[in-house]
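A.B. asks: One predicted model, sequence on top.
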Amino acid sequence: MPMHKPAHPGRILRQRLIEDEDGQKLGSIATVAEQLGCHRNTLNRVINGSASLTPDMALALELIGAGKAEFWLSMQASYDLFQLRQARSAA
């Protein structure tokens, strides 16, 4: 059975903390990065899907009330596993 492509957690993170589905600004990357205790470039890479969400960032998200760390890590693991399956089936 084909599996749907899971969203990168950065996409959901953007919708929850940076801008909603209508494009309304919720917060700046710099402000959210400061709340998470990470560099804004790191958060930007995660939000744009070019970097993985780490356990450290998942816990920081939990601590600011953005959802359980397990939710974020599960989402990242699902995304990574899908990508790996796609790469192996193409080989």
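C.D. replies: Received the coordinates, thanks. It should be emphasised that the depicted structure is a prediction, and the values quoted were computed from it without experimental measurement.
A.B. asks: Give me the pLDDT value at residue 23.
C.D. replies: Residue 23 carries a pLDDT value of 76.
A.B. asks: quick one: contacts of the lengthiest helix in the chain?
C.D. replies: Across the chain, the longest stretch assigned as helix under DSSP state H is helix 69-90. Helix 69-90 has contacts (CB atoms under 8 Å, 6 or more residues apart in numbering) with 3, 5-9, 12-13, 52-53, 55, 57-59, 61-62. Where you see a C-beta, it was placed from the backbone N, CA and C, and this is true even at glycine.
A.B. asks: Buried members of these into PyMOL, please.
C.D. replies: Buried residues among the contacts of helix 69-90 (16 or more other CB atoms under 10 Å), as a PyMOL selection:
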select buried, resi 6+8+9+12+13+52+53+57+58+61
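A.B. asks: Lowest-confidence one in the contacts of helix 69-90?
C.D. replies: Out of the contacts of helix 69-90, that is residue 3, at 66.
A.B. asks: thinking again about what came up before, check which residues of the longest helix of the chain are buried.
C.D. replies: 69, 72-73, 75-76, 78-79.
A.B. asks: Nearest to residue 25 among those residues?
C.D. replies: Nearest to residue 25 among those is residue 72, at 22.1 Å by CB to CB.
A.B. asks: What segments of this structure are helices?
C.D. replies: Under DSSP H, the chain gives helices at 9-13, 29-36, 40-47, 55-63, 69-90.
A.B. asks: Output these as CSV; include the columns distance to residue 23.
C.D. replies: Formatted as CSV, the helices of the chain follow (distance: least, CB to CB, whole Å):
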stretch, distance to residue 23
helix 9-13, 14
helix 29-36, 15
helix 40-47, 14
helix 55-63, 22
helix 69-90, 22
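A.B. asks: so which of those helices comes closest to residue 22?
C.D. replies: That would be helix 9-13 among these, by CB to CB, at 15.2 Å.
A.B. asks: Tell me how far residue 56 lies from residue 78.
C.D. replies: Distance, residue 56 to residue 78, using CB to CB, to the nearest Å: 19 Å.
A.B. asks: typed the wrong thing, it's residue 35
C.D. replies: 25 Å.
A.B. asks: do the same with residue 40
C.D. replies: 26 Å.
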